[in-house]
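Asks: Build me a model:
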Amino acid sequence: MSTQPLLVVEGSRRTPRAATRYDIVKRSINRAIEAGYGIGQSVHIGHIAGHVVGYNIAHHGRFCGSLYPLLVRTEYGVTKCRLCEVATA
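Replies: Numbering: from 1, shown residues only. Purely as a prediction, here's the structure:
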């Protein structure tokens with residue numbers, strides 16, 4: 001059996017990587033939570049009252065979670081919202 005000398009390399013196993021679409025969605029949801037839009041929070045979309053029922057985790061499509069992180073239930077149904085479209089009630 002042939003042997004080869006081992007070379008020890010200093011450093012970590014993890015290397016920095018570019019942000020993925022999943023990371024961007026996660027960041028948007030965290031930003032919404034930090035802004036006070038937790039599940040159950042009463043909000044207004046214009047003059048329409050609603051409350052946050054969840055977060056949009058879709059990473060592709062027209063209404064992806066990076067742009068529309070909030071799921072808000074109103075009298076008209078559930079809609080995906082941007083942070084700039086809602087205000088706390």
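Asks: where does this protein dip in pLDDT?
Replies: Low-confidence segments of the chain (pLDDT under 70): 1, 9, 11-13, 15.
Asks: let's see 80
Replies: 1-19 (pLDDT under 80).
Asks: For Gln52, list each beta-bridge partner.
Replies: Careful, residue 52 is Val and not Gln. Val72 (DSSP bridges).
Asks: Distance of it relative to Tyr22?
Replies: Here Val52 is placed at a distance of 21 Å from Tyr22 (CB to CB, to the nearest Å). Heads up, the C-betas are built off the backbone N, CA and C, glycines and all.
Asks: out of the two, which sits in the more crowded spot?
Replies: Using other CB atoms under 10 Å as the criterion, Val52 and Tyr22 rank with Val52 on top: 23 against 12.
Asks: Can you name the residues that contact the more buried one?
Replies: The contact partners of Val52, by CB atoms under 8 Å, 6 or more residues apart in numbering, come to 37-41, 43, 70-72.
Asks: Can you tell me which of the residues you listed has the most neighbours?
Replies: Among the contacts of Val52, Leu70 has the most neighbours (other CB under 10 Å), with 28 neighbours.
Asks: Chain neighbours aside, what residue packs nearest to it?
Replies: Using CB to CB, 6 or more residues apart in numbering and skipping residues adjacent in sequence, the residue nearest Leu70 is Cys81, 4.4 Å away.
Asks: Touching, that neighbour and Tyr68? I think so.
Replies: Yes. If you go by CB atoms under 8 Å, Cys81 and Tyr68 touch, sitting 6.0 Å apart.
Asks: Tell me where the protein has helices.
Replies: Here the chain has its helices, by DSSP state H, at 21-34.
Asks: any idea how far stretch 67-77 is from the chain center?
Replies: Centre-to-centre, stretch 67-77 and its host chain are 14 Å apart (CA atoms, centre = their mean, to the nearest Å).
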